[in-house]
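Peer 1: Sequence and predicted structure are below.
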Amino acid sequence: MKSAIQHSSDLEEKIKKKIGLVFEVPLVGSWGSALSLSSSYAILANYSSTVENLVDASISDNTNSIWIIGSSLIYWAQKYAQQRMLNNLGFESHKIIWHRIRGMVWSQLYPTIQKEVKNNNPPTILVIHCGGSGIGNPHNTLKGLQMYMKSTIVNISQFMPKTVIVWSHILPRSKWTLCLSNNDGENWRRRINSALATFVVKKTCGACIKYPDILKRHIITLFRKDGVHLSDLGNDLFVNSLRNALGMFLSTTDRFYHTTTPTCTC
């Protein structure tokens with residue numbers, strides 16, 4: 001049986017030979033410093049199959065790409081990243097592809113992914129930031145919406161079995177137009193985020209991104225006047241979190257960015 005050190009050396013050599021990646025792993029609160037992927041793996045004392053599977057995915061049928069898919073929040077996040085010359089979020093190892101549909105609803109998610117896969121290989125990582133517009137819909141219940149969203153995640157996972165799915169937490173709003181009260185909207189949002197994050201990680205061996213710095217009490221500074229879309233400062237925090245989280249997912253076995261939830265046992 002190989003020791004942890006031997007396994008570390010073997011995996012490091014595999015990465016050097018088959019990928020040879022160098023990318024930036026950003027640190028929270030800054031845009032980070034450049035690290036080699038092999039050296040970032042070397043700091044781990046023990047390895048799970050998760051890391052090796054992620055490496056294998058990036059050198060098999062999947063292209064070295066990361067898809068970020070969502071509605072207007074993703075549209076404006078990309079605009080902000082472009083203005084800061086960070087359209088690829090500083091990564092050299094993977095190409096960031098932004099799939100943004102303004103006004104996107106959950107029912108558009110799976111068909112959009114199916115359409116994109118017709119012309120492109122599935123990504124190594126798929127970040128999903130969608131679902132907020134369905135909160136409070138009178139045609140559905142909270143439980144019904146959760147079940148519908150989970151079934152979509154299962155379909156995506158089966159459609160792209162080598163892709164790591166990432167749940168990006170729905171952000172707060174100052175007003176939930178479909179809800180009887182804003183408290184109801186926030187309750188739905190929190191419960192959907194909790195349920196979907198847990199489901200994505202435990203059932204698909206995916207990951208999740210939480211944004212603890214983007215809070216409702218900061219609505220005046222982090223959001224535009226509509227209370228839904230982010231200001232420049234809000235987009236800075238959002239894009240920085242995306243960048244940090246993706247760097248973490250690519251370099252460690254941790255699947256929860258900015259949470260203390262137990263790791264996946266897959």
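Peer 2: It's in. Numbering: from 1, shown residues only.
Peer 1: from here on, contacts and neighbour counts on C-alpha atoms
Peer 2: Fine.
Peer 1: in this protein, which spans are helices?
Peer 2: 4-18, 37-42, 49-58, 72-83, 109-119, 142-159, 182-204, 219-222, 232-251 (DSSP state H).
Peer 1: a markdown table for the ones you listed, including mean pLDDT and mean neighbour count?
Peer 2: Below are the helices of the chain laid out as a markdown table (pLDDT from 0 to 100; neighbours: other Cα atoms under 10 Å):
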| stretch | mean pLDDT | mean neighbour count |
| --- | --- | --- |
| helix 4-18 | 45 | 15 |
| helix 37-42 | 32 | 18 |
| helix 49-58 | 46 | 18 |
| helix 72-83 | 94 | 18 |
| helix 109-119 | 94 | 14 |
| helix 142-159 | 96 | 16 |
| helix 182-204 | 94 | 18 |
| helix 219-222 | 80 | 18 |
| helix 232-251 | 94 | 21 |
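Peer 1: what's the closest of the ones you listed to H94?
Peer 2: Nearest to H94, of all the helices of the chain, is helix 49-58, at 8.9 Å by Cα to Cα.
Peer 1: re the thing from before, closest one to F91 among the helices of the chain?
Peer 2: helix 232-251 (8.4 Å).
Peer 1: what inclination does that closest one have with respect to helix 72-83?
Peer 2: Angle, helix 232-251 to helix 72-83, by axes from the mean of the first three to the mean of the last three Cα atoms, to 10 degrees: 90 degrees.
Peer 1: tell me what helix 232-251 is packed against?
Peer 2: With contacts defined as 3 or more Cα pairs under 8 Å, 6 or more residues apart in numbering; DSSP states H and E, helix 232-251 has these neighbours: strand 22-25, helix 37-42, helix 49-58, helix 72-83, strand 207-209, helix 219-222.
Peer 1: circling back: mind putting the helices of the chain in CSV, distance to I125 included?
Peer 2: Below are the helices of the chain laid out as CSV (distance: least, Cα to Cα, whole Å):
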stretch, distance to I125
helix 4-18, 17
helix 37-42, 16
helix 49-58, 9
helix 72-83, 16
helix 109-119, 13
helix 142-159, 11
helix 182-204, 12
helix 219-222, 27
helix 232-251, 9
